[in-house]
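**Q** dropping a prediction and its sequence here:
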Amino acid sequence: MKTRTIGDVEVSAIGLGGMPMSIEGRPDEARSIATIHAALDLGVTLFDTADAYHLTATDVGHNESLIAKAIASWGGDASKVLVATKGGHLRPGDGSWTVDGRPEYLKRAAEASLARLGGDAIGLYQFHRPDPEVAYEDSVGAIRDLLDAGTIRMAGISNANPQQIRLAQEILGGRLVSVQNQFSPAFRSSEPELELCDELGIAFLPWSPLGGIRSAGSLGDRFAAFGRVAADRGLTPQVVCLAWELAKSPRVIPIPGASRPESITNSVQAAEVTLSAEELSMLDAA
C-alpha cells in the first residue's frame, strides 16, 4: 500500500479507526480481531484508538486492549505498526461524553493507556478534546512532559482550531506531528485546519472520514457527485470519498472506522485511486 508519514514514521496512507469495535453495537471479539488482522494483511500500519472507546464504565480502554491483543496474535511482522491513542475525552458509561484536560489526569491516562497497549512507549499520543475548564497550554504542556519523559514517542492533538494548532506547536517546541479533526463531505469546516497542517508539515488525520457510522453507507445517496464518480469508476462511493480526501494534501491520512473485514478491505482501495482534476472539482462542489 502507498504510504505517508507522521513525524518521521512511515505509515499506510489509509489507517483503521477502532471506535466501531468498542462502542454501542460493537461486534463480538472474534470478528473485531478478524477485522484488525485483515487490515494488517492488507498493509495497514496505522491504527487509531482512544481510552474512551468503550461501552461501559467497567471497560475503559476496551479498544486499546483489543487492538493490542489483535496485533500480538497476528502472524506477521508488526514492527512497523503505529498505534495512535488519545486521552482527555471520557465516557462515564451512560452513553454521554465529558472532558478532562487537567495535566495530572492526562499523565495518569497516558500511563494507563501504555499499560494496555504494551511496550516501552506509546507510538503517538494525542490530546483528545479541549477542556473549557483548563487552559489549553496547561493540557498540551502535559503532553510535552510525557514526550520529554519518553512515555510517548510522538505527540498530537485532536478537535483543534488553527490557533490551538499553532499554540500546541509552540508549546511542544516544534514537535507536533498530527492533528485529528472531523472531516468528510458532510463536515467541511475543518478545511482551514487541514490547510494549516499542509503548510506546517503536520499529518492531518480525518476522523469520521465517511460521515460517521450511521451515515457512511448512504454517502453516495446524500452526495450524488460521489455516487456518480463511483459508478463511472466501478468503485464504491466510500472509496471515492477517501481518495478525494487523500488528494487534498500529502499530509492527509484518513482513518475510516470498521468492524468487519469487508469494510477495511474496501477502504484500502482508495490508496491506489488517482482522481482527475475534473472529478476532484466535481467532488469539491458537492
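**A** Structure received.
**Q** low-confidence ranges, the stretch 1-150 of the chain, go.
**A** Low-confidence segments of the stretch 1-150 of the chain (pLDDT under 70): none present.
**Q** tally up the residues packed near residue 41, please.
**A** As a burial measure, residue 41 scores 14 neighbours (other Cβ atoms under 10 Å). To be clear about C-beta, it is placed using only N, CA and C from the backbone, and glycine gets the same treatment.
**Q** could you do residue 199 as well?
**A** Count around residue 199 with other Cβ under 10 Å applied: 10.
**Q** and it, helix, strand or coil?
**A** On the three-state scheme (DSSP: H, G, I helix; E, B strand; the rest coil), residue 199 is labelled helix.
**Q** all helices for the stretch 151-286 of the chain, in order.
**A** Ranges of helices within the stretch 151-286 of the chain are 162-171, 191-200, 219-222, 224-233, 237-248, 261-267, 277-284, based on DSSP state H, counting those that start in this stretch.
**Q** just these: most buried one?
**A** Neighbour counts (mean count of other Cβ atoms under 10 Å) averaged over each of the helices of the stretch 151-286 of the chain peak at helix 237-248, with a mean of 25.
**Q** let me see the mean pLDDT of that one.
**A** Averaging pLDDT along helix 237-248 yields 98.
**Q** elements contacting that helix?
**A** On a contact count with 3 or more Cβ pairs under 8 Å, 6 or more residues apart in numbering; DSSP states H and E, helix 237-248 meets helix 219-222, helix 224-233, helix 261-267, helix 277-284.
**Q** which one of the ones you listed lies nearest to residue 147?
**A** helix 261-267 (30.1 Å; Cβ to Cβ).
**Q** now do that closest one: which elements does it pack against?
**A** When contacts are defined as 3+ Cβ pairs under 8 Å, 6+ apart, helix 261-267 sits against helix 29-41, helix 237-248.
**Q** before we move on, the earlier item: looking at the helices and strands packed on helix 237-248, which is nearest to residue 94?
**A** Residue 94 sits nearest to helix 261-267 of all the helices and strands packed on helix 237-248, at 27.8 Å, using Cβ to Cβ.
**Q** list of residues touching the closest one?
**A** Outside helix 261-267, the residues that touch it by Cβ atoms under 8 Å, 6 or more residues apart in numbering are 14, 16, 34-35, 37-39, 42, 44, 236, 238-239, 242, 254, 256, 258.
**Q** between those residues, which sits nearest residue 284?
**A** For these, the closest approach to residue 284 (Cβ to Cβ) belongs to residue 242, at 15.0 Å.
**Q** I'd guessed that closest one sits against residue 206; true?
**A** No: at 9.0 Å, residue 242 does not count as touching residue 206 under the criterion of Cβ atoms under 8 Å.
**Q** which residues do those two both contact?
**A** Jointly contacting residue 242 and residue 206 under the rule Cβ under 8 Å, 6+ apart are residue 254.
**Q** just the buried members of the contacts of helix 261-267?
**A** Neighbour counting with 16 or more other Cβ atoms under 10 Å marks 14, 16, 35, 37-39, 42, 44, 236, 238-239, 242, 254, 256, 258 as buried within these.
**Q** for the residues you listed, work out which two are farthest apart.
**A** Taking Cβ to Cβ, the two most distant members of the buried ones among the contacts of helix 261-267 are 37 and 236; they sit 21.9 Å apart.
**Q** pull the number of nearby residues for residue 87.
**A** Around residue 87 there are 30 residues (other Cβ under 10 Å).
**Q** cool, residue 274 as well?
**A** Residues contacting residue 274 under the criterion other Cβ under 10 Å number 9.
**Q** for residue 96, same thing?
**A** For residue 96, using other Cβ under 10 Å, the count is 8.
**Q** cool, the one 10 residues further on as well?
**A** Residues near residue 106, counting by other Cβ under 10 Å, number 26.
**Q** quick check: which element contains it?
**A** Assigned by DSSP states H and E, residue 106 falls within helix 103-117.
**Q** mind giving me the packing neighbours of that helix?
**A** Applying 3+ Cβ pairs under 8 Å, 6+ apart, we find helix 103-117 packed against helix 62-73, strand 82-87, strand 122-127, helix 136-149.
**Q** note down every partner strand of the second one and its orientation.
**A** When pairs are called by DSSP bridges, strand 82-87 turns out to pair with strand 46-48 (parallel), strand 122-127 (parallel).
**Q** thanks a lot, see you next time.
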